[in-house]
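*Asks:* sequence plus the predicted model coming up.
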Amino acid sequence: MAGGRKMDRRRFLINLARTAGGVSLLALGIGIHARSAKAVPPEYIRPPGALDEEKFLSACIRCGVCVRDCPYDILKLAELGSDHPATGTPYFVARTGPCEMCEDIPCIPNCPTNALDHALKDITKARMGLAVLIDQETCIAFQGLRCEVCYNICPVRGKALTLEYRPNKRSGRHALFIPVVHSEHCTGCGLCEKACILEREAIKVLPIRLAKGELGHHYRLSWKEKARAGRSLVTPDKPHEFNLPEGVKYDYETGRIYREEKPADARGKSTRGGKAPGAAPEAGAMPGTSANPLDVLNRGLQEAK
Amino acid sequence: MATPIEQLGRDALAAKGFFGAYKWLILRRIVQAAIIALFIIGPVGGVWVLKGNLAGSWLFETVPMVEPFVFLQMLAAGMFGFLTTTLLGVAVVVAFYALIGGRAYCAWVCPVNVITDAAAWVRRRLGIAQSAKISPQTRFWMLGAALVLAALSGQLAYELVNPVSIVHRGLIYGMGAAGWLVVAGIFLFDVVVTKHGWCSHVCPMGAMYSLIGAPALVKVRTPNREQCDDCMECFEVCPEPKILPPALRQGMRQGLPAVVSSSLCTRCGRCVDICSKDVFAFGFLTTGKAKPGEAGENAPGKKDGELKKAS
């Protein structure tokens, strides 16, 4: 009887170990899979208001209510597999179906767990990703061709996406209309990526972790610090001394030379009366010289002929 | 005498007719299909009875429902920034199963049940008797493991692979190849590895609902257990056959009340259907008094005490 009980206990312990072992092995497998599923592949974008990915994966119960509430049907729930976002979680792909940035953000208020942050009320504050004009070799704006499709479709046009005019060096006389993204305003909706006229888009919405750099936290930009303090925080630089004839000065702002004004008592009598040299260097230019210093040199050459 | 497996259900069919012998099964399939259908008629027909899926949903766009097992994983993962809506949703689901349904989620709601029932049917048809021994306690270990995983990984790790979630989500939102592989995997596991392998041994959601549903009022009762002729057909069809003896002849001898009292009962009603002697019947815990002399004075256990008080 006692022996029987001992055998029972032995069998019980063995069974217990078997079950625990099997379950642990299974859990280990799931755990390893979970580690690989932690980052969303860059082509998949979370709906607006989604918490940071790490928090999102603990908050989203994968119910798909946001999918149902999206009036444009852009949201999908991820399938099982490690090349997707975490199984069952919502995403969209900008190139095929970008976020239309509805003003009332209908995908958020019915989220039952706050995985999509209910505090987000203004869609322009959403940060789903960041558009990056990643291929400047193929984008036709860089070829000097007019396109601006991404600029024109941008819902935050003029803030998130602006056009910068640059000289077209190839033609020598035209401008390049370069789209420039500003992270301060870009919501990552992906409309620009969808609209890009190329076979494969040159402007792409990337996760912010991939799109943005981060300045070293010890960095201080002197001009910003100076503006904030309202004064120079170091000894001001000594102005550079140019080797110029006496009474002639160089103006930093316009890059022109001018004759130094007479002392204050003489200023009133001056025919070019009272104009500050910096404000009107033209007026202060040496008599007989044009504003362009090169003219002096050219004239010298002509005289030599 | 025990009925040979190939004659399973014939007596019931003869005694009660087709509808009588299959009514709970048919009703269950209708309910299971209707629940999935109600999730789909929203996006298809614009009638929003249910929105979401079994993990979380809105009933008539007003009553939230949140799956308690997923919620528990969420807590384990350290996510406490949820809403009052979340809690309300969990409360609605817990209240229904704790007060009324018991573990009925498994038999009446979960679509994986259809797969595993099909597997059990194939098993019987092919006469597969071998079954790898897996402890039925495994599911409780799985439940614990899912929570530990959530805590360690900080995310709903089990939900990455939870076949129940994958199947109902797939049915409602569209199933990809991976989803069908999961369906096939569960089916094969139940056919060739272990009888009732997934639902009655491994699935932590079943474990969860059996814990939640322990106090539920709806039970399978055995009012006519003295009629039992030991055909054993109920044992063959029951997904949790170990819970039956205390409600049948063995329980009668020990003076236990005439009810399947185990919280593992899924209320599938297969025993009710298959019994040609009408031993079983659905009932409320408070109704159907135990026959005099059955519930003896020496009936052990707290549960029985409660039962006597209630009846």
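*Replies:* Perfect, thanks for sending it.
*Asks:* ok, then the element right after whichever strand or helix holds B:W121?
*Replies:* With elements taken from DSSP states H and E, the one containing B:W121 is helix B:112-126. Beyond helix B:112-126 in the direction of the C-terminus, DSSP H and E gives the next helix or strand as helix B:138-153.
*Asks:* what element comes up after that next one heading to the C-terminus?
*Replies:* helix B:163-173.
*Asks:* and that following helix, what does it pack against?
*Replies:* Contact analysis of helix B:163-173 by 3 or more C-beta pairs under 8 Å, 6 or more residues apart in numbering or on different chains; DSSP states H and E lists strand A:76-77, helix B:10-45, strand B:50-53, helix B:112-126, helix B:177-188 as its packing neighbours. Every C-beta, even on glycine, is put in place using the N, C-alpha and C of the backbone.
*Asks:* make CSV out of these and add mean neighbour count.
*Replies:* Conversion of those to CSV gives the following (neighbours: other C-beta atoms under 10 Å in any protein chain shown):
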stretch, mean neighbour count
strand A:76-77, 22
helix B:10-45, 15
strand B:50-53, 26
helix B:112-126, 18
helix B:177-188, 16
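*Asks:* would a markdown table of the ones you listed with distance to A:I61 and mean pLDDT be doable?
*Replies:* Rendered in a markdown table, the data for these read as follows (distance: least, C-beta to C-beta, whole Å; pLDDT from 0 to 100):
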| stretch | distance to A:I61 | mean pLDDT |
| --- | --- | --- |
| strand A:76-77 | 11 | 91 |
| helix B:10-45 | 15 | 90 |
| strand B:50-53 | 9 | 91 |
| helix B:112-126 | 18 | 92 |
| helix B:177-188 | 18 | 91 |
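*Asks:* all helices of the stretch 151-300 of chain A, in order?
*Replies:* Secondary structure of the stretch 151-300 of chain A (DSSP state H, counting those that start in this stretch): helices located at A:191-195, A:208-211, A:222-229, A:264-267, A:281-284, A:293-304.
*Asks:* lowest-scoring secondary structure element of chain B by mean pLDDT?
*Replies:* Taking mean pLDDT, DSSP states H and E as the measure, the helix or strand of chain B with the lowest value is helix B:302-310, at a mean of 41.
*Asks:* what's near enough to touch the closest residue to B:A151 other than its chain neighbours?
*Replies:* Excluding its sequence neighbours, the residue lying closest to B:A151 (C-beta to C-beta, 6 or more residues apart in numbering or on different chains) is B:A76, at 4.6 Å. Remark: with contacts taken as C-beta atoms under 8 Å, 6 or more residues apart in numbering or on different chains, B:A76 is in contact with B:147-148, B:150-151.
*Asks:* are any of those residues buried, and which?
*Replies:* Restricting the contacts of B:A76 to buried positions leaves B:147-148, B:150, with burial counted as 16 or more other C-beta atoms under 10 Å in any protein chain shown.
*Asks:* for B:I40, state which of those is nearest.
*Replies:* Distance to B:I40 across the buried ones among the contacts of B:A76 (C-beta to C-beta) is lowest for B:A150, with 29.7 Å.
*Asks:* hmm, the closest one is touching B:L156, no?
*Replies:* Yes: shown here, B:A150 and B:L156 form a contact pair, counting by C-beta atoms under 8 Å, at 6.1 Å.
*Asks:* who touches both of those two?
*Replies:* Here B:A150 and B:L156 share the contacting residues A:58, B:73-74, B:77, scored by C-beta under 8 Å, 6+ apart.
*Asks:* pick out the most distant pair among these.
*Replies:* For these, with distances taken as C-beta to C-beta, the pair at the greatest spread is A:S58 and B:Q73 (8.3 Å).
*Asks:* so what sits against both of those two?
*Replies:* Each of B:150, B:156 lies in contact with both A:S58 and B:Q73 under the rule C-beta under 8 Å, 6+ apart.
*Asks:* JSON lines for the helices and strands packed on helix B:163-173, including distance to B:T86?
*Replies:* Compiled in JSON lines, the helices and strands packed on helix B:163-173 are given as follows (distance: least, C-beta to C-beta, whole Å):
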{"stretch": "strand A:76-77", "distance to B:T86": "19"}
{"stretch": "helix B:10-45", "distance to B:T86": "19"}
{"stretch": "strand B:50-53", "distance to B:T86": "13"}
{"stretch": "helix B:112-126", "distance to B:T86": "25"}
{"stretch": "helix B:177-188", "distance to B:T86": "26"}
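*Asks:* quick one, which of those is nearest to A:P236?
*Replies:* Relative to A:P236, the nearest member of the helices and strands packed on helix B:163-173 by C-beta to C-beta is strand A:76-77, separated by 59.5 Å.
*Asks:* mind checking pLDDT for the most centrally placed residue in chain A?
*Replies:* What sits nearest the mean C-alpha location of chain A, by C-alpha atoms, centre = their mean, is A:S183, with 3.3 Å. Model confidence at A:S183, expressed as pLDDT, equals 92.
*Asks:* go on, A:H217?
*Replies:* A:H217 carries a pLDDT value of 91.
*Asks:* B:A2 too?
*Replies:* The pLDDT attached to B:A2 in the predicted structure is 73.
*Asks:* report the separation between the spatially closest residue to it that is not a sequence neighbour and chain A.
*Replies:* For B:A2, ignoring the flanking residues on the chain, the nearest one in space by C-beta to C-beta, 6+ apart is B:M232 at 4.1 Å. Between B:M232 and chain A the distance is 26 Å, computed by C-beta to the nearest C-beta, to the nearest Å.
*Asks:* I figured B:M232 hits B:P4, correct?
*Replies:* No: with contact defined as C-beta under 8 Å, B:M232 does not reach B:P4; the gap is 10.1 Å.
*Asks:* what about these two, which has more around it?
*Replies:* B:M232 (15 against 8; other C-beta atoms under 10 Å in any protein chain shown).
*Asks:* distance check, B:L256 against B:P215.
*Replies:* Look at B:L256 and B:P215: by C-beta to C-beta, to the nearest Å, they are 18 Å apart.
*Asks:* neighbour count: those two, which is higher?
*Replies:* Each of B:L256 and B:P215 had its neighbours counted (other C-beta under 10 Å), and the higher figure belongs to B:L256 (25 against 12).
*Asks:* where's the more buried one, which helix or strand?
*Replies:* Remark: B:L256 resides in no helix or strand, with elements defined by DSSP H and E.
*Asks:* how close does it get to B:T222?
*Replies:* Relative to B:T222, B:L256 is positioned 10 Å away (C-beta to C-beta).
*Asks:* residues that sit against both of these two, list them.
*Replies:* Between them, B:L256 and B:T222 share the neighbouring residues B:A247, with contact defined by C-beta under 8 Å, 6+ apart.
*Asks:* below-threshold pLDDT in chain A: ranges please.
*Replies:* Across chain A, the stretches falling below the confidence threshold (pLDDT under 70) are A:1-4, A:82, A:262-290, A:293, A:296-305.
*Asks:* can you do 50?
*Replies:* Filtered on pLDDT under 50, chain A yields the residue ranges A:1, A:266-284.
*Asks:* and the biggest helix by length in it, is it in reach of chain B?
*Replies:* Longest helix in chain A by number of residues, with DSSP state H as the criterion: helix A:2-36. Yes: using C-beta under 8 Å from any C-beta of the partner chain, a contact is recorded between helix A:2-36 and chain B, made by A:15, A:18-20, A:22-24, A:26-27, A:30-31, A:33-35.
*Asks:* need the buried ones from those selected in PyMOL.
*Replies:* Buried members of these, identified by 16+ other C-beta under 10 Å, are gathered into one PyMOL selection as follows:
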select buried, chain A and resi 19+20+22+23+26+27+30+31+33+34
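*Asks:* and the residues of helix A:2-36 next to chain B, which two are the farthest apart?
*Replies:* Largest separation among the residues of helix A:2-36 next to chain B by C-beta to C-beta: A:N15 and A:R35, giving 30.7 Å.
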